[in-house]
Every structure is written in C-alpha cells, then in structure tokens.
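Undergrad: sharing a model prediction with you, sequence too.
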Amino acid sequence: MEEVVRIDNLSFIYPDGQPALAGVSLTVKRGERVALVGPNGAGKSTLLLHLNGILHTDGQVKVFGKAIGNGNLREVRRRVGLVFQNPDDQLFSPAVFDDVAFGPLNLGYSESDVRESVARALEGVGMAGFEKRSPHHLSLGEKKRIAIATVLAMSPEVLVLDEPTANLDPRGKGSLISLLRQLPMTLIVASHDLELVRAVCRRVVILDGGKIVADGTAESVLEDAALLKAHGLTGD
C-alpha cells in the first residue's frame, strides 16, 4: 500500500524550551485507521500539527512522498485534513454554510462546486439542512460534526482528528463513533477514549514523553493491561 504519511526521527521543542517530541518515526499507509494514544503531554497534538504543516520541521515529515514545505502547504492541507479538539477553533462564520464553504472557496472551486461540496459534506456527517443555522447555537456534538464537514468539503485523502469525542455525552459520543466508522479515507486519531479506539481503529500507537513506546494492532495493544497501565491509559 502507498505511504500517505512518513515521519523520520522527528523532534520538536516549543519556543519556551518545552520539549514535545523526541525522535519520532512513523509510517501510515493508505487506508489505515491509526490511533495515537498516551497520557496528557505525551506529544500527540504536537505530532498531529506537523501532519499538515501547522508546525514545521524541515524534511522530517512527508505526505504522499513529498516533504512538507512552504511551497506545497496548500496541496498538503487539501489532502490531509485536520479537525481540532475544540470545534470553536474551526467554526467562525455566522452560518454553517459559510464555515463548510470556506475551504473549497480558498481552493478556487466554482460557485456550483462549492455548493455541491458543502451539500455532500453536510450529508456525509448527518447535518443536511443545517446550512443556515448559526454554528454557535448548536450542541457540542453538532459542532463537532460540522467541524468534520469543513474538512470533508475539501475531499481529503487523510483525515486527522484530535480527541474527537472529548466532552461529549454518551449519545453524542456514540453518534460520532458511528460516523467515523463509516468514513472511507485514511484516519489518524489522537484520543484518550479507548472505547472510540476499539470501535474505529485497527492499529494503535502509544506515545509517551514525546516518544513512541508501542505500535501494533488494536487488539494486541489494548489487551496488554500492563502496557496500558505503565503509560497512564487505565484508571488503575
């Protein structure tokens, strides 16, 4: 299978001197559904922000065989869509239609193609008919679906999600898990939610202290109670 993401020995230190990643190497192939799990401060979100160039380290992250750089950020962000943990970081327009249309408009889609993309994306997340609603008056679960739609409208080949079920009630969480199970593209999901991981992902990577400490099938990693406990992934 084609490599869609390749990370080679990636390290990252924030400007305040806080280390976040230390020599991370990871390959994701087309069609995989990969979970990144680990305790708070493990580096999961920092790693995700490198996948479409929001954070940048020269030459160490490649998507579809090409290193991410200033010359290809537009194309990278079309092919690798990132959904933030907090949907309010992604929704800023007075109407749902405008938020979902923002990406296609910036990619130069025609008016008819924008409308088609918005309709398809909203239908795909079960939010058709919400075009004129204010995103700020929606429930958290609805906001999360709209945030996913803003990315799906650009037809990404890889969908990257940061803690997608965070703060959702059981009904909203179940609904979102069902949605993610149906999406056809490559998925990379950072989450503390092992129920989500079991339901959606086939491969699990544990990140702790900025390093990968385990990488295997979901079944093998999630059934290793000692491993999960050692890296803060159980309540014991």
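TA: Alright, I've got the coordinates.
Undergrad: low pLDDT regions in this protein?
TA: 58-59, 235-236 (pLDDT under 70).
Undergrad: now with 90?
TA: Counting by pLDDT under 90, the chain has low-confidence residues at 1, 40-41, 56-60, 69-71, 74, 106-108, 192, 234-236.
Undergrad: please enumerate the helices of it.
TA: Remark: helices assigned in the chain by DSSP state H are 44-50, 73-79, 96-106, 111-124, 140-152, 170-182, 194-200, 218-222, 225-230.
Undergrad: what lies in contact with the third one?
TA: With Cβ atoms under 8 Å, 6 or more residues apart in numbering as the contact definition, helix 96-106 has outside contacts at 78, 90-93, 113-115, 117-118, 121-122, 127, 130-135, 138, 146, 149-151, 153-154. Heads up, the C-betas are built off the backbone N, CA and C, glycines and all.
Undergrad: let me know the angle separating it from helix 140-152.
TA: 20 degrees (axes from the mean of the first three to the mean of the last three Cα atoms, to 10 degrees).
Undergrad: give the buried residues for helix 96-106.
TA: Across helix 96-106, burial judged by 16 or more other Cβ atoms under 10 Å covers 96-105.
Undergrad: is it possible to export those to CSV including distance to Val200?
TA: Converted to CSV, those look like this (distance: Cβ to Cβ, whole Å):
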residue, distance to Val200
Val96, 25
Phe97, 28
Asp98, 29
Asp99, 24
Val100, 23
Ala101, 28
Phe102, 26
Gly103, 23
Pro104, 26
Leu105, 30
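Undergrad: for Val160, give the beta-bridge partners.
TA: Leu82, Ile188 (DSSP bridges).
Undergrad: how near is Ile68 to Gly210?
TA: Ile68 is 19 Å from Gly210, where distance means Cβ to Cβ, to the nearest Å.
Undergrad: so those two - more neighbours on which side?
TA: Legend: neighbour count by other Cβ atoms under 10 Å for Ile68 and Gly210, higher for Ile68 (25 against 22).
Undergrad: contacting residues around the residue lying closest to the more buried one once chain neighbours are set aside?
TA: Distance criterion Cβ to Cβ, 6 or more residues apart in numbering; nearest residue to Ile68, sequence neighbours excluded, is Gly53 at 4.7 Å. Contacts for Gly53 (Cβ under 8 Å, 6+ apart) come out as 68-69, 73, 76-77.
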